[in-house]
Structure formats: structure tokens, C-alpha cells
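Quick one: sequence and predicted model below, then my questions.
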Amino acid sequence: MNKSIWGLLLMLPLGSFAQSYQEIAAKYPNEPAVFLKYHSQLRLYLQNEQPVAERIQEQDLMVLGQNNAGMFSRSAVYHSSFNELTALEAYTITADTKKKVPIGERKTIASSSNAVFYDDVKETSFDFPSMATGAVAHLKYTQFLKEAHLLNPFSYSVGVPGVDVAFSVTVPAEIEINYIIKNDTKGLLQLKKEKKKGQTVYTWTMKDVKNETRFGDAPDESYYEPHVIVYITSYTNSSGKHPFLNSVADLYKWNAAFTKGLNEQPDPTLKRITDSVTNGLKDDKAKASAIYKWVQKNIRYVAFENGLEGFRPRQAAEVCSKRYGDCKDMSSILTQMLRMAGIQANYTWIGTRDIPYQYSNVPLPIVDNHMIASAFINNQWMFLDGTSPNSILSLPPSAIQGKQALMGISDTAFKVLEIPIMASGTNTVVDSTFIRFTNNGIAGTESVWYNGYFGEDIYNAVQYLDAKSMKDYVKSRLTKASNKYLLNEYNIKQTAPAEKTANISADYEIPDYGKKIGNEFYINLNLGKLFNDQTIDTAKRKVPKEFDYKYEITANHILEIPEGYAVTYKPADLLVENDFYKLSITYKQTGKQLIATQKLVNKILMLQPNQFAEWNKPLAKVQAHYKEQVVLEKK
Amino acid sequence: MKLSPSFFLPRLLLFVGLLAGSVAVYAQTQAQEDAGNVQIKPDWETSPKLHSVQPEYAKEAAVILVDKRIHEYLPNAKDGLIVKVVNHRIIKVNNENGVEQFNKIFLPVGYDGVYLDISARVITASGKIIELPKDKIFDVEEDGRVYKKFALEGVESGCEIEYIAAQQKSLYFFGLEVFQYAAPCQLAEFSLIVPAHLVFDVKGYNGFTVGKDSIEGSLRIRTGVCRNIPEAETEKYAQPTAYFKNVQYKLSYNLSKEKDERLFTWDQLAQNVYTSYQTIEVGEMNAVNAYVKSMKIEEQTPEEKKIILLEDYLKNKVSINEEGIGEGADKIEQIIKTNVASHDGFSRLMVACMNALHINYQIVFPSKRNNLPLDKELENYRLVDDMILYFPNTGQFLEPTNITIRYPYIQPNWAATNGLFVQTNTSAGGQEISASFMTIPVQPYTKSSHDIDLSIRFNSTMDSVLMHTKQIFTGYGAWQFRPAFHLLPKDRVEEFTHEVIQSIAKSKVITNTKVQNTAMTDGLTNKPLIFEADIASADLIESAGNKILFKIGDVIGPQEQMYQEKPRQYPISMEYPHVLDRTIRFEIPKGYTIKNPQDLNINIVESNDGKSTMGFVSKYTIAGNILTVTLHEYYHRPEYPIEKFGIFQKVINAAADFNKVLLVLEKK
């Protein structure tokens, strides 16, 4: 088991164990462990006249499984300059004697992450002693949250089941808050609001929390697990009442502070580059495309997230000379170069699709995790994301489709825009595979056209793969029918780089596919079954299914009818369609050719659990159809 | 006068019989000379110029032009000697993939290591030099390893990245440098510079040539070189690490003391290890005795039973991490109290318990097949790491710190190899501890099986296959699954069981699931781990007009294939020898005949003087309405030389070919 996962689990607060090990084990017979208590208390207050917070987490994890107590021994708490660890207490309550045995030494190291090259996150780890079935690991720690704009939502998804999971917020009279409850579709959250010593305490409790099973193609769990978002709307200090985060305008004010003074100094080098990149180009679209391409090609993605520096884009001149930057830096240099080329352009904040919120309903810093540039071209706003190496103006990265973007216009003016969702017809694959029978299988040529996001994938591969890996990549793209697909000569053409259209053509052989017996040939002409095995197990899956993008795939399998043979059986055509997809399979004979055409259209980005039954309905028919082979007989 | 190669070579041609050997000698000499001519100081040009890349590497994403590593033993007022390790590298970036690979550099910090200086720069394609600011070098720890890391500025296609990193380490008389990475290297150099009175054995492996000692003033210098090192590649069924180009060294003589006494021998290591494990304080001894007593293992219990009980007890109870947090995890008394141990602490605890239980054992350090091997001739203590235990009375082994395995199995990469055995010889003169290199045998192929037994018929509507399935695993075959039953929560066990079962049926319609002999300790008597279930699968049948096509080949589960391979680089490594016996009984539906049963016959076997050590044979018989197919696939050895790759590939593909067999059933 990944120790960091267990580490992350260990992040909350509280009480005494009313229930014995036997009772708990009987209630959770399948679980390796449960949180008897998992409480997080957030205490808001003013420090130096500014709102800050303290979070006290307290949790009791009881080991239930046999033989695996050791997995729960090592734990870790993560912290950074934003949530400084100020106190930590941990001990084990032993299974047999119920004695408290404190942890020994702890070790703090800079934590590493794959996505971010450098941040200031630290990991404090320690071992719970004497962990055994029935033992309880108690952990309580306090963090000081100096930046009250960045309060994290509290999620009731705590990794293992929680007997008693609670989140509370203590609010003094001089601070006003608001809260948003997400995904509590079953109404399990109980809110208790009480006054204590002039402060208001909100507590949201949930009993017997069980997380949904995770799936690889599900969206981020914040789309479906219950959580509570709390934010400060205003505070009152000696100089009066101040709005804090009450609207998109407040959020923008906070964001805009990070771009203040950005790119105000002229930079002759960047100007020279911009001029040379756009030299001779007449219209804004061509200029913006050229600038986009230059940044994508020359500035590498390296992310630094060190405290508030993690929010502040660097000067375009600096990004240009370093030749690397993160999304903010790419936004900075793109915006600056566009402006140098006389195109109206702005720094723009956005959340990727990992985040379920939009600015219009959650006006908080948690809504975004990314920065891009917006450019006004031919009377419309277009979006440039420098971290995406092969995106083009007409095709913003699939990961931000449909998301709201917060575009800064001046220190105070901003606009919320929406990134378009690309239609199915934009992202297409058209495969024409010619098939002839050989002595021991089939062979032929294949030609596949890729457009939209499919095309972008091919361009990424060509850009990053070396010659040796390229063949493997092409093979993985083209392989169908059997793992005995042998790729011979192939050719990749970047037919229209400006539109990211590409073509791969190849000669192939598939020994042992198709069957000749006596006077007959049998072959399943769905060499690649585009929509096989798509039934969703509704008993097991309770979480949405996410798609990267909408698309359309057409596969033409063109069989050359051998001399002296005739088609004696071909399956009936198939057409199924609902709100989510459309699949058709048709067979057409023209002279010496039998053409099977499969066409699949995916119409959605997200499928909700209440739509699964509808999704599944036509699939039995599809499965049955895929089992039908064509028969050719000697005349 | 020195003979030039062109003069020398034609004369040698006269000695036809000696030719091959002589050229090799010549090549060796040239390489030796080359190795001796290494410039021992790093060459950090003040005005660096871009280098050209050898044509054969022009298409690589990046090429390491120079990789120079210098180990220097320097006097230090406080400690006597310290070791300074300098690495100088120049990397040519050829394309954007190369930029991505090398614009971020991670430098490992050695145990006890401190970086004295790191200088890094980029020479852009246009020749501009961009230095890395020192404050942009960060510390990071990943999986217990500490690194310095930095992102270089100005990296672009056609540029060169150059850095020089000097690290100081506390005195240690062993060294290892591996020179094979994700990019090819044009020139790799190694230098060892030590005070003249210290004599090191230095050895290059797998083609890295090391020259002879030379004395310069008060220094003894040894250098080595290797050119055109290909990038490290991965292959199926291969263990490439052992073949990486590397240099190792160790101190052998101190001429200022006993100049004939060889230092740091394997015997010495054995004595150190023995002493270290047997030295136990009274308090610890008492704690161990009480601990062992609490396990309730009787003194008269047979030795093998004691071993099993002890191992299971400790592995189920103690939380083991490679590195402990704090010293307590290394200390026996503390571990007994907290049940938290480092690998080292846990091994010590196990040995102490064995002593208390009077179990006869030897400590063994395996020469791991997935790592650089131990060399009998060059006693590099750095490669001595994880220990296993050998029991002379049973002839079997135990791996202490791996909770997923039980006696007599150890992870297979640590078997079928040599090991350094710490041996005790008691004689009248007392106890003598010595080291011997002996084989750690792997469990024979007869012990490890992956068998399948299937009874199959069609349902009445002839559109689905009903199967009664049994998958039977023994030995290492069972080892891959048993820990799941031992460690996973119950609902995950069920899911896991279904995954194993459906792998042979392409169906999730599974009933009457039964799994037998799942206990970790069932491995000892090699009780088979059996997954039994009924499966209904519609996916195994297709139709062609009025004919039924039964995809019988799929019922053995998807097989690994090697249909389209790049030229083979490394010998074959099977992990462990094993046999796969599968029996398929198929009830032919009434009124039908099978048109192509002969497709079931496949026979690919290695023949080697009448003995076959690998093969795939499938045959069928039909009796009445029952078709019986038997498949026998076997790999009797854990390793095969590269010359056997052709037949090996055929055997692997024969199993994959069976997957494609499709029976055509026709109405009579």
C-alpha cells in the first residue's frame, strides 16, 4: 500500500470510543480500518487586523483487518508555509491493555511531487507503535493558516469508512462567513449552529461515512463526494468593515494583485522575437498563431510553487531568457507578446476540469488552478494555453473545455468568459483498412486520418518520441483484431499542422485472423470493435464517468473478395442511438469489395450514475452484433 | 620505439590460429592505454565551445558527450581522510524530447555526502552561456533518497548542458559508478586518486576498461574509460542491470602498515557481520527471551516448524520499513516494545530470536539477479545489502524483511545465483568465521506451476459458453497471489479473486467461486492454491451464418507475445522456472462436428541433445462427444543465454498463437 495515501488519510480531529473493537468489527466486516472519529475544527480570527485561521485536526483510526496492522503504522502530515504545523500529538491506544503509547521520533522532509518541480510542501512522518488488530492510532495536530483566502473545502471522503466525521468552524463576531454544501444528495450532513462566548460555531456531522469505490475514468472525487466549502465574506477591524471574498469582484481583486506591475518595463529582446515571429503576417489570427507556436516550442513547462510566489506570474522577459516557466509564466509571456504584436490580450485564470466549480457559483481561489492568455481576434475571445504543446487557437486544451475563465482587463475590471466545448465532429478519426486474405490470415494497407484532439495526440507523439519509440506508438495506434497485428512500412504525415490534421498509413499483416476451411472463408469485419464491452455495472459503480472530449470515429473495413468467391452471409446492419452515443454498423458490397463501416459518435463529456441504465440499454444488441462474422463461399 | 598498430597487425596475420586471440589482446592493450590516458582533472572551460555529435547519435533526443567521474581521497585535519567525488557532464540536447529529459537535473546525495559545489550552465545553440544561479538549487527527498535538483535556464534544441558537482563523503573504502542511462554516452571516464601508500583494486565491468596504477608524486592514480555506451534499454524477460557498464573499487593494501596483508576481504566481512549480529546486550537478550517465550514455541518443536512459526509471528506482527524513523527502529528491545522496525532492526530481531530458539542458520548475502552481481575477486562491500538466512539442516532459505513471502521461498531474483555465505567452523582452536561463495538454488520447475483444468459446454441456445474452471498454482505461481489473501481487506479479496477467475473467460458472469489453500504458510508444503468457479461467457462464441465459431484459444487467458521484437540485447531471464499444464474438456454439442480440430495441435520445443528445457505442446483427442485438449508449456531454467532467444521467442509465441485458435462447429 502506498504510504503517502495512508499519510493523506491521517489528517483530522476528536473523542472517546464508545464502541468496542468487536462492535466496530462486526459493523465493518470488510474493512481494514475505520476512523472512529475524524474531526476538523477551523477557528477563524483576526491577527494584525487581518483574518487568519487555525485548523485543529483530530482523528482516531482503528485497525480492523488481520495481518495488516503494519500498513497503518507509518503516517505523515503535510504542511507548507500556508498551513504551518504548530503542534502535533500522536499515540497508539493498544489493542490489549488500552494503554497510550506515544510515537517516537518524527522526521520532516521536503515533500516531492511529480507535477510540481519545486514547492514548499513538507512532510512530517512518524510511526505509530504497537499497531495491531483493535489498536487505535490517535493523531491530533494544529496548523496555522496565514492566508485566509485559501481555506480548503472539507471533504467527507476520508479514505476508509468514518464512524463519526465532523467539520466545524468557529467564527468570531467580527468575521462573516458563507458556506456551500456539495454532493450531499442523500441529505446525510447534519448542521448544528451554536453560540459560544460570542462566537458562532457551525458543525457539520456525518455518521457512518462510506466512500464510493473509485474508478479510473471517473472525474475528480470532488464531483461526487460530499464536502463543505466555507469562506470569509467580510471582516471588521479598527478601520471598519471590509469585503473579503464575497463575489467574483473580490476574487478578482485578490488575483489582480499578483499581476500588478507585470510586464510594465519594455523588453527589447522579447520585442525583437515577437517582431521576427510575426514578420510578414497580415492578420491578427496568423500573428497570434505564430506567437502561440513560438512559446509552445521554446518555453518548457517547469512549475515552482513556493508560497505566494506560486500565484505570481514572472516577467515575460525573464521567462523568455530562462526558456522555462509554469502556466502563470506562459500566460505572462503569451499576453505580453500578443500585446507587442498589437493584439488585445489579457492574463486569464481558469480551473481545469479536475475542479467541479465555476466562478459564477463558487467565487473563491479554489475554483482555479491554472492560467492562460485570452486574445481578442476577429471579434471574439480566443484562448492560448502555453503548457499545452500542440494546442491551436481553434482548439483549446480538452482539459479546460466548458470551464469559465476569469479574464483580467485592468486592476479592477474583469470578465468571466466560457471556453467552448468542442463538438464531436471536430475530433474525428477516419480509418480505411483494406483487407485481403493470405495463406494464413489477412494483410493489407491501412490509412487513418486524425483531426482535432486526436490530431493533437499525433503531433505530441511526433514531437516527443524518438524513432525507436515511434514505431511502438504507431503500432499501439493501429493495432486491431489481434495482438498478432504486424506493422510493416508506415508513414506519418502532418498534413495540416495549422489544423493539427495528421495521417498515418501502413502496410500490415495479421496472421491467424480470419479462417479458411474447405470452400469457405469466415471473417469478423469489425477488426476493431469500437464500442465493445461498454456495459456499466450499475450495482458496483455509483460515480460518474468522464470523457476527455466528444468525438466521432469511422472505421471502414474494405474486404477484397477473393477471385471465384461470393459473399454468402453478411450480418444485418445495426443502428443504436441515445443521448450519449450513436453507433452504426453497415455492410455494403460493391463489385469485388465488401465494405463494413462502423461509426461511433460520442456526444458527452460526463455521464451521471442516473444515466447508466439508459447508457446500457442498447449494449446487449451491440455485443450480439459484434459476434457475427461474414461468410464467403467458393462459387 | 612503440609499434604502431598498422605495423603490428599484418605480422600477426601470419599466425592464423592465434588471430582471434591476438587481436583481442591487441584491442585490450589499446583500450588499456586509452584508459591510462584519462585527464584526471575536470576541464571546465572558461569560454566553452559547442561540440559536434558523432553521426550515429545525431537522431537521439540527447547525447552525453562527456561523463567524467573522479574519486579523490584527500587528507582532512579532523578525520584523516575524506573522499571527494566530482562528476563532470556535458550533455548535447538534440531535440525537444531531449529538452524535456534534461532541463531538470537531479543529483543524488550520497549517504553522509555533502555537496561542496555545484556549477551548471547552458551553452545555447547560438553559443550564449547561461549560468545557473546557486540559489536555484533545491533539496528534495524521494522514497528515502536525498537529491539536489535544479531547472536549467535557456535549454533549447541544439544546446549543451554542462555541470560539475563536487561532493564530499566521509571515508569509505569502496566505490561503485554505473555509466549507463536513458541517453547514450560518447565518452565516460573514471579516475581514482589516492595517497600512494593505499593500493586499491579497481575493476571495470561489461566493457569499461581500467588502466594500470601510476604513481605521481605522493599520489596513486588509476583511470578508466569507455566510449560509445548505448542507452539503457528495457526488454521483456530480461534483467539488464547486471550488464550495465560500471567501475568498482575497494582498498586492498595499506603499504604504510602491513603491506602484504589484504584488507577488506570477504572473510573479514563475514567476521564483521557475524560479530555484529551476535553482539547482543544483556537487556536485549532478556527481552528477546521473554518475547520468544510469549510466542509459545516449544523447545522440542522440530527445527523447521520453529522457523515457520517464528517467521509468521514476526512478519504478521511487526511493521517493517526499509528505513526507520529514529534509532529505535534498529534496536531489538525497542522493536519488541513498539512493533516498528527498520529492515536492519528486523533482521537483527529475527536472528536474535533464532539464537534463542537454537535454530541453526547461516547469514547469506545474495548476488541479486536484478542488480549488479557480487564479485568473488573484488570485495566491494557496497553491494552487500539485504541478507537472507540459510538453514543447513533443511537446505532451505528464508527472506527476513519481505512480508509477502514465507520459508522456503525467497524472491526469485535472489535465487538461481551465487551468495556469500557467512560460515562458522568450530574446531579445537575455537570458532572460525569465513565467507564462501556458493549457489543459492532456485526452487525447481516442478515446484512452481500455473495449471488450468476446464470443462466446457454450450448453453441450450448455443450463444454462450458454460465453463467449470479450476486454476491451480503452486510454488512461485502461488506466491504472486497469496499475499493478497493475507493482506487485503475482504471486499478487495473478492474483487481480486474475480479478476483472477475472469482472466481466462472474458466474462464477469461468475458463480460458485471457491478458493482453496490461501494461507501464506501453505507454501511450505506446496499445497496448491486453487481458484474454482463456474463461468458463463457469451464473448467466446461468434457466428458465421449457420456455423458456430468457438474462440477456444481464449480460455487459457491472454498470453505474452513477442511477435515483433527489436534485436535482442540481453540474455533471457524467466524470474523462476515453471510449468504450465492445462486441460480443456469440451462437450461438442449434439449434432455438430468440429471442422478444424487440427488447429489445436502446436508443437514448439527446444531440443538440446535430446533434453528439452522449454517448449509449448498442445494436442487434442476426441472420444465420443468430448474433445480433450492438453497443453504442456515449460521453462525448466530461470535463465537462458542470448543464443537461445530464437527458440525462446517461438515458445512464447506458440502460447500466444494458441490464443488465436478458433473452432468452427458445423451441423452434421
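Arrived safely, thanks for sending. If you're wondering where the values come from, they're calculated on a predicted model, not measured in any experiment.

pretty sure B:Val114 is in contact with B:Ala166, am I right?
No: the pair B:Val114 / B:Ala166 is not scored as a contact, 9.9 Å apart, by Cβ atoms under 8 Å. The C-beta positions use only the backbone N, C-alpha and C, and glycine is treated the same way.

Quick test: name the residue nearest the centre of chain B.
Closest to where the C-alpha atoms of chain B average out (Cα atoms, centre = their mean) is B:Asn370, at 1.8 Å.

distance of that residue from B:Glu639?
B:Asn370 sits 12 Å away from B:Glu639, going by Cβ to Cβ, to the nearest Å.

What residues are bridge-paired with the nearest residue to A:Lys582 once chain neighbours are set aside?
Distances taken as Cβ to Cβ, 6 or more residues apart in numbering or on different chains place A:Val601 nearest to A:Lys582, at 4.3 Å, with adjacent residues excluded. Assessed by DSSP bridges, A:Val601 has beta-bridge partners A:Glu552, A:Lys582.

before we move on, which element is A:Thr274 in?
helix A:268-278 (DSSP states H and E).

Just read off the phi/psi values of the nearest residue to A:Asp208 once chain neighbours are set aside.
Closest residue to A:Asp208 apart from its sequence neighbours, by Cβ to Cβ, 6+ apart: A:Val163 at 6.4 Å. Dihedral pair for A:Val163: phi -70, psi -40, per degrees, to the nearest 10.

what does the stretch 151-300 of chain B put close to chain A?
Within the stretch 151-300 of chain B, the residues that sit near chain A (Cβ under 8 Å from any Cβ of the partner chain) are B:Ala151, B:Glu153, B:Gly154, B:Val155, B:Glu156.

now the second one: how far from A:Lys328?
Going back to what we said before, that points to B:Glu153. Distance from B:Glu153 to A:Lys328, by Cβ to Cβ: 17 Å.

more crowded one of the two?
Neighbours per residue (other Cβ atoms under 10 Å in any protein chain shown) separate B:Glu153 from A:Lys328, with A:Lys328 holding more: 26 against 21.

which ones are touching that one?
Applying Cβ atoms under 8 Å, 6 or more residues apart in numbering or on different chains, we find A:Lys328 in contact with A:Phe258, A:Phe311, A:Arg312, A:Pro313, A:Arg314, A:Met371.

quick one: which of the residues you listed is most hemmed in?
A:Met371 (28 neighbours).

hang on, isn't that one packed against A:Thr352?
No: when contacts are counted by Cβ under 8 Å, A:Met371 is not listed as touching A:Thr352 (11.0 Å).

which residues pair with B:Thr630 across the strands?
Bridge pairing for B:Thr630 - DSSP bridges - gives B:Thr583, B:Lys619.

What residues does it make contact with?
By Cβ under 8 Å, 6+ apart, the neighbours of B:Thr630 are B:Asp581, B:Arg582, B:Thr583, B:Ile584, B:Ser618, B:Lys619, B:Tyr620.

same thing but at 10 Å, please
Counting by Cβ atoms under 10 Å, 6 or more residues apart in numbering or on different chains, B:Thr630 touches B:Asp581, B:Arg582, B:Thr583, B:Ile584, B:Arg585, B:Leu600, B:Val617, B:Ser618, B:Lys619, B:Tyr620, B:Thr621.

Checking the fifth one next. Helix, strand or coil?
Judged by DSSP: H, G, I helix; E, B strand; the rest coil, the three-state class of B:Arg585 is strand.

Surely it is in contact with B:Lys470?
No: because the distance of 11.4 Å does not satisfy Cβ atoms under 10 Å, B:Arg585 is recorded as not touching B:Lys470.
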